[in-house]
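Participant: take a look and give me a structure for this.
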Amino acid sequence: MTSIEMDFFQWLGFAGMIFIVIAYFFLQLGMYDIHALNYQLLNLVGAIALIISLLVHFNLGSFLIEVFWIMITVYGLFKTLRHRRKSDKKTKS
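Facilitator: Have a look, this model is predicted:
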């Protein structure tokens with residue numbers, strides 16, 4: 001029987017994957033919407049954890065998809081925060 005030994009960076013990548021999957025699952029369940037800050041942060045933290053893991057256990061395809069995932073998530077995060085600020089200003093007026 002083969003045992004699977006995972007180092008810290010593999011565990012970190014595994015945790016990152018779980019964060020991203022949970023965010024997407026909650027989105028599909030309707031618990032989060034695309035503008036939910038929790039959704040954006042779970043995606044961002046998960047992708048960063050995966051990038052760190054991939055710096056040790058490199059895979060070009062996975063690395064590139066995580067780079068794009070982070071860029072898209074950061075864009076979505078800024079868009080969400082800008083939308084919230086505009087909504088807060090309208091509420092205060």
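
Participant: going forward, measure contacts between C-alpha atoms and count neighbours the same way
Facilitator: OK.

Participant: which strands or helices does the longest helix belonging to the chain pack on?
Facilitator: Longest among the helix segments of the chain by residue count, using DSSP state H, is helix 60-92. With contacts taken as 3 or more C-alpha pairs under 8 Å, 6 or more residues apart in numbering; DSSP states H and E, helix 60-92 sits against helix 37-56.

Participant: ok and the helix it packs on relative to helix 60-92, angle-wise?
Facilitator: 160 degrees (axes from the mean of the first three to the mean of the last three C-alpha atoms, to 10 degrees).

Participant: could I get helix 37-56 in CSV with only the CA atoms?
Facilitator: In CSV, the C-alpha atoms belonging to helix 37-56 read as follows (Å, rounded to 0.1, in the frame of the first residue of the first chain):
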residue,chain,number,x,y,z
LEU,A,37,-17.2,40.4,0.1
ASN,A,38,-16.9,36.9,1.6
TYR,A,39,-17.0,35.4,-1.8
GLN,A,40,-14.3,37.6,-3.1
LEU,A,41,-12.1,37.1,-0.1
LEU,A,42,-12.4,33.3,-0.1
ASN,A,43,-11.4,33.3,-3.7
LEU,A,44,-8.4,35.6,-3.1
VAL,A,45,-7.1,33.8,-0.1
GLY,A,46,-7.5,30.4,-1.8
ALA,A,47,-5.7,31.5,-4.9
ILE,A,48,-2.9,33.1,-2.9
ALA,A,49,-2.5,29.9,-0.9
LEU,A,50,-2.4,27.9,-4.2
ILE,A,51,0.2,30.2,-5.7
ILE,A,52,2.5,29.8,-2.6
SER,A,53,2.1,26.1,-2.9
LEU,A,54,2.9,26.2,-6.6
LEU,A,55,6.1,28.1,-6.0
VAL,A,56,7.5,25.0,-4.3
